[in-house]
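S.K.: next input, structure requested:
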Amino acid sequence: MKKRTIAARAATASRARALLFREGVLAGTLLAADRWTASWKSGLLAVAAVVSGLFAAFMAYVVGDPLIKQLWTTSFVLAAASYSFALLAFFHWIVDVRGWTRGTVLFDPVGKNSILVYA
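M.R.: Predicted structure coming up:
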């Protein structure tokens, strides 16, 4: 594998961050839409998790883009998005579809004011 210059690594990292941003916007738009029921939203998020995971595997094994966090490679961003979509789908299904809210009181302040996470 060729050694890439710092500029090439920075460009790859910028594209990867933009991709992650777009995937977050996709998830937020999907959850805010009134077009689908809550169970369909959970299913679509699960499909997005699988598709992101398949693309990450393709980028890592076929294209040769390694999963490296420090470089923010495209394959790493897709793998992280896959995990995020899967967790979001699971918790959306548990809380919004099934209605299991027991034990979620701890997350209520963080959900209402996300700046508390950084404080």
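
S.K.: host element of the nearest residue to Lys69 once chain neighbours are set aside?
M.R.: Nearest in space to Lys69, with sequence neighbours left out and distances taken as CB to CB, 6 or more residues apart in numbering, is Phe76 at 5.7 Å. Placement of C-beta: from N, CA and C, glycine included. For Phe76, the element it lies in under DSSP states H and E is helix 74-92.

S.K.: give the buried residues for that helix.
M.R.: Residues 74-82, 84-86, 88-89, 92 are the ones in helix 74-92 that count as buried (16 or more other CB atoms under 10 Å).

S.K.: got the angle for the helix ranked longest in the chain vs helix 74-92?
M.R.: The residue-count maximum for a helix in the chain (DSSP state H) belongs to helix 6-32. Interaxial angle of helix 6-32 relative to helix 74-92 (axes from the mean of the first three to the mean of the last three CA atoms, to 10 degrees): 20 degrees.

S.K.: any idea how far helix 6-32 is from the chain center?
M.R.: 10 Å (CA atoms, centre = their mean, to the nearest Å).

S.K.: downstream of it, the next helix or strand is which one?
M.R.: Elements were assigned by DSSP H and E; along the chain past helix 6-32, the next helix or strand is helix 38-57.

S.K.: mind listing what's buried in that next one?
M.R.: Quick answer for helix 38-57 (16+ other CB under 10 Å): Lys41, Ser42, Gly43, Leu44, Leu45, Ala46, Ala48, Ala49, Ser52, Gly53, Phe55, Ala56.

S.K.: which residues touch the spatially most central residue of the chain?
M.R.: Nearest residue to the geometric centre of the chain (CA atoms, centre = their mean): Ala81, 2.7 Å. Neighbour list for Ala81: Leu19, Leu20, Glu23, Ser52, Ala56 [criterion: CB atoms under 8 Å, 6 or more residues apart in numbering].

S.K.: no further questions, thank you.
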